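Q: Pasting the sequence and the predicted coordinates here, then a few questions.
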Amino acid sequence: MKVLIFYFSGTGNTEKIANLYAKAFEENGDEVVMGALPDIEHKLGGTNLNDFDMLGFGYPIHAFNAPANVLKLARMLPELTEPKNAFVFKSSGEPVRMSDVSSLKLIKILKKHNILVTNEYQYVMPYNIIFRHSDEMAYHMWEVAKKVVPLDCREIKKGVPKKAKRMFMGGVLAWFLRIEHWGARFNGKRYKVNSDCVRCGLCAKTCPANNIKITDDGKIKFGKNCLMCMRCSFTCPKNAIKIGLFNGWKVNGAYSFAMPPSNAPALPDKHANYCKKAYNRYFREAEEKINSEQKKAN
Ligand SMILES: Cc1cc2nc3c(=O)[nH]c(=O)nc-3n(C[C@H](O)[C@H](O)[C@H](O)COP(=O)(O)O)c2cc1C
Ligand code: SF4
Ligand code: SF4
């Protein structure tokens, strides 16, 4: 089977999941082509979707929706003459049920292009906004994803459908929350750098929306095309970017995802009770899936 995986990742979490999918398919003998945004937009003209047996779409959940550039990509795809099956994977900071609405618009657009989403999966990964998850939690999330993605991949390959649960008024809710797409552009204009900035240019070079310019007199200017993906502020080596109205929710610095050393001092986790029930349910369901597949294999 030949698989094309389209994905967008602001700060690397969705990319890590996309790579797990690529590995899982390849270990099953499939050929995988990766199409990361924004680069894939420029290569679409030379990509024939009919050459692929399966399409994948990955994104980070932004305000219970897919980011604007992911929906734009879906609209840019050609309409296929024959229906083609697809799967969606998304990464999110929390596992609340409301996230089930996040793909509704994407699925609708893809359907118009004769691309039929049969399977959808959500993986909880550490927050890149609101607050920083503890190293233990980030490690735990990643370990679970590493075990579950190959099982989900097997489900996709077997043709066992897996749809997100339908929610009453879910479409209306998701439609309303897509105000975030406009909000990101509005807020992005309010990004600023402080005096810690060393003009290294990393933010301008890596912004997926090409939204950051360094002027001739060395000023950093943010335009009106921000996706609120957090890549610039998350990866700034000097933590110099203020993210407008949401500055109180800024998270700076990559997660290591490694197992914290056993002798590391136990730090108080201010957010230990945040959505505790939902995280517990997510980890319990993942464990059940892993155990049940292990039993079947024995
Ligand atoms: C603007 C914005 C909105 C977000 N909204 C949600 C949300 O509604 N629900 C959620 O669980 N996580 C939300 N998150 C967290 C991300 O989905 C999560 O950290 C994700 O793993 C980031 O993936 P990435 O590193 O591939 O960008 C949001 C993040 C950003 C930047
Ligand atoms: S990445 Fe940070 S330090 Fe480098 S130019 Fe951008 S704001 Fe300045
Ligand atoms: S300005 Fe920053 S947050 Fe906005 S799209 Fe560019 S990298 Fe992402």
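A: Thanks, I have the structure now. Numbering: from 1, shown residues only. Ligands and ions are numbered 1, 2, ... in the order given.

Q: Let me see the residues that make contact with the helix or strand where Met141 lies.
A: Met141 belongs to helix 135-158 when assigned by DSSP states H and E. Here helix 135-158 makes contact (C-beta atoms under 8 Å, 6 or more residues apart in numbering) with 1, 16-17, 20-21, 24-25, 27-28, 30, 54, 87, 89, 118-119, 121, 123-126, 133, 162, 255-260, 264, 269, 283, 286-287, 289-290, 293. C-betas here are computed from N, CA, C, even on glycine.

Q: before we move on, which element is Ser195 in?
A: Applying DSSP H and E, one finds Ser195 in no helix or strand.

Q: Now do the contacts for it.
A: Under the criterion of C-beta under 8 Å, 6+ apart, the neighbours of Ser195 are Ala240.

Q: how about 7 Å then?
A: With contact set as C-beta atoms under 7 Å, 6 or more residues apart in numbering, Ser195 has no partners.

Q: repeat for Val160
A: Listed by C-beta under 7 Å, 6+ apart, the contact set of Val160 is empty.

Q: follow-up on the earlier one: next one: the helix holding Met141 to chain centre, how far?
A: 14 Å (C-alpha atoms, centre = their mean, to the nearest Å).

Q: Please work out which residues outside the next helix or strand after it touch it.
A: Sequence order places helix 170-177 as the next helix or strand after helix 135-158, per DSSP H and E. With contact meaning C-beta under 7 Å, 6+ apart, helix 170-177 is reached by 63-65, 100-102, 104-105.

Q: Apply 6 Å and report the result again.
A: Outside of helix 170-177, the residues within contact range by C-beta atoms under 6 Å, 6 or more residues apart in numbering are 63-65, 101, 104.

Q: count of neighbours near Glu15?
A: If you count neighbours by other C-beta atoms under 10 Å, Glu15 ends up with 18.

Q: likewise Pro261?
A: By other C-beta under 10 Å, 8 other residues sit near Pro261.

Q: And it, how close does it get to ligand 3?
A: Between Pro261 and ligand 3 the computed distance is 32 Å (C-beta to the nearest ligand atom, to the nearest Å).

Q: Does that residue fall in a helix, a strand, or a coil region?
A: Under DSSP: H, G, I helix; E, B strand; the rest coil, Pro261 falls in the coil class.
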